[in-house]
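Novice: Coordinates for the following, if possible.
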Amino acid sequence: MVAQASRLKNVRYDIRGPVLRRAQELEAAGHRILKLNLGNPAPWGLNTPEPIVADMVQHLGDAEGYSDARGIYSARVAVAQYYQTLGVKNVQPDDVFLGNGVSELIVMSLQALLNTGDEVLVPSPDYPLWTGAVTLCGGRPVHYRCDESLGWEPDLEHLAAQITPNTRAMVIINPNNPTGAVYSREILLGMLDIARRHDLLVLADEIYDKILYDDAKHECAAALAPDLLVITMSGLSKAYRAAGFRSGWMAISGPTGTATEYLEGVQLLANMRLCPNVPAQHAVQTALGGFQSINTLIRPGGRLYEQRNHAYNKINAIPGVDAVQPRGALYLFARLDPEVHKIRDDQKLIIDLLEQELMLLSHGTGFNLPTPDHIRLVFLAPVDVLDDATDRLHRFLETYRQ
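Specialist: Modelled structure (predicted):
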């Protein structure tokens, strides 16, 4: 018998776990599943802008060999210049690492940082790869509370109370997945001040920085704290609808001279993977420097804007269900009132919904929320599909009991 590595025993990634496996079994049996569980734009006709695809195709002949381990120079220049326009003045091309999506860079940045037992502050709820990657790298994720009554902004008092002598880093996910929160400048400054007082590395996941609704404004953490070592992560998957390209980046800013050994570790890991996917790197310069088509989707009348509003109104019309209106990203994180829907096991809820209504959503505890009273719905689908989805959910909850 070949046993699983012991370091995987406490690693969870529930949004692609048992629920998805059950959906695949149902599909194999011939059922058609309505999937609103992943932030994958392509299945819903939200395609990569043609100039980005064309530029990548045009450079295929230049992409047959390995690139620099950090990524091709033109893409790193484009990323550095982008952050300079946001006010991160000290980022240079050599401070940029490209990756096979942000996911690879999350793991790489933590592998270079953590010793066994080191702690990393991670929001609850979170994008669960952060929690899983901390554990995989030998660390201990420590979750700080985000307050639903305050639009899911982090609770600074609770955050500060989680710090111990073993705390090494703070993760900031803004705009937030799964809640859709866009953090205020005041909250971000408070978080950065906590990092400053405790000498923490800041890991800023800003993949949704261009997907904002109404009057929401994204504040770049690195621009607010030039005196802190900040690693800012983003990529092409969401705003540029190029999830399958696996093209992400991280930009390192602040007093890099104080982190020479750590950054040598990052470079070592970059070298060990040889290089990121080369063809997709050629899309970065065109994406960042060209027409920002996401802006037409997020303003009133735009597809994402209207789908967000529609999903929000429909979800909140279901008895015993309510959600904070997302100000960014692609998700609605809805609460099931425990007085109405007495749920003890939200993963079972999602599997039962899947089997009864052939619809796949995500359960809140899969995002490291401590209570089984939330579900996440992705609103990338057209309005008529969202109508169907919320009708299925309403019908299911009317009679569902645990």
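
Novice: Show the pLDDT at residue 3.
Specialist: Per-residue confidence (pLDDT) for residue 3: 85.

Novice: same deal with residue 14?
Specialist: Per-residue pLDDT puts residue 14 at 68.

Novice: Residue 20 now?
Specialist: Confidence at residue 20, expressed as pLDDT, is 89.

Novice: Residue 27 is in contact with that one, correct?
Specialist: No - counting by Cβ atoms under 8 Å, residue 20 stays clear of residue 27, with 10.4 Å between them. All C-beta atoms are positioned from the backbone trio N, CA, C, and that covers glycine.

Novice: Specify the beta-bridge partners of the residue nearest to residue 71 when sequence neighbours are not counted.
Specialist: Nearest residue to residue 71, sequence neighbours excluded (Cβ to Cβ, 6 or more residues apart in numbering): residue 98, at 2.9 Å. Beta-bridge pairing of residue 98 under DSSP bridges involves residue 249.

Novice: check contacts around residue 99.
Specialist: Residues in contact with residue 99, defined by Cβ atoms under 8 Å, 6 or more residues apart in numbering, are 71, 105, 108, 235, 248-250, 276.

Novice: how far away is it from residue 122?
Specialist: Computed with Cβ to Cβ, to the nearest Å, the distance linking residue 99 and residue 122 is 20 Å.

Novice: what's the answer for residue 207, then?
Specialist: 16 Å.

Novice: When residue 20 and residue 27 are compared, which one has more neighbours?
Specialist: residue 20 (19 against 14; other Cβ atoms under 10 Å).

Novice: Tell me if the more buried one really is in a strand.
Specialist: No - per DSSP: H, G, I helix; E, B strand; the rest coil, residue 20 lies outside any strand segment and is helix.

Novice: Next up, the contacts around it.
Specialist: Neighbouring residues of residue 20 by Cβ under 8 Å, 6+ apart: 37, 360.

Novice: again, but for residue 119
Specialist: Applying Cβ under 8 Å, 6+ apart, we find residue 119 in contact with 139-142, 164, 166-168.

Novice: quick one: which of these is nearest residue 269?
Specialist: Of all the contacts of residue 119, residue 139 has the smallest distance to residue 269: 15.5 Å, by Cβ to Cβ.

Novice: That closest one contacts residue 109, doesn't it?
Specialist: No - judged on Cβ under 8 Å, residue 139 makes no contact with residue 109 at a distance of 11.7 Å.

Novice: so where's the stretch 51-200 of the chain shaky on pLDDT?
Specialist: For the stretch 51-200 of the chain, applying pLDDT under 70 flags no range at all.

Novice: Which stretches in it count as strands?
Specialist: Remark: strands assigned in the stretch 51-200 of the chain by DSSP state E, counting those that start in this stretch are 96-99, 119-124, 140-147, 153-154, 167-173.

Novice: any idea where the strands of the stretch 301-402 of the chain begin and end?
Specialist: Using DSSP E, counting those that start in this stretch, the strands of the stretch 301-402 of the chain run over residues 321-323, 331-336, 359-360, 362-363, 374-378.

Novice: From the contacts of residue 119, list the buried ones, please.
Specialist: Among these, those classed as buried by 16 or more other Cβ atoms under 10 Å are 139-142, 167-168.

Novice: for those residues, which one is nearest residue 353?
Specialist: Distance to residue 353, by Cβ to Cβ, is smallest for residue 141 among those, at 27.8 Å.

Novice: ok now do that closest one, which residues does it touch?
Specialist: By Cβ under 8 Å, 6+ apart, the residues touching residue 141 are 119-120, 122, 130-131, 134-135, 368.

Novice: that older thread, winner for burial among the strands of the stretch 51-200 of the chain?
Specialist: Among those, ranked by average contacts under mean count of other Cβ atoms under 10 Å, first place goes to strand 96-99 (a mean of 27).

Novice: Just the CA trace of it, in PDB.
Specialist: Taking C-alpha atoms only, strand 96-99 is exported to PDB below (Å, rounded to 0.1, in the frame of the first residue of the first chain):
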ATOM      1  CA  VAL A  96       8.500  40.700 -10.200                       C
ATOM      2  CA  PHE A  97       8.000  37.000 -10.500                       C
ATOM      3  CA  LEU A  98       5.600  35.500 -12.900                       C
ATOM      4  CA  GLY A  99       3.800  32.200 -12.100                       C
END
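
Novice: before we move on, the earlier item: which residues are in contact with the residue nearest to residue 71?
Specialist: 70-72, 75-76, 79, 247-249, 276, 281, 284.

Novice: can the strands of the stretch 51-200 of the chain go into CSV with extra columns for distance to residue 296?
Specialist: Shown next, in CSV, are the strands of the stretch 51-200 of the chain (distance: least, Cβ to Cβ, whole Å):
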stretch, distance to residue 296
strand 96-99, 27
strand 119-124, 30
strand 140-147, 30
strand 153-154, 28
strand 167-173, 25
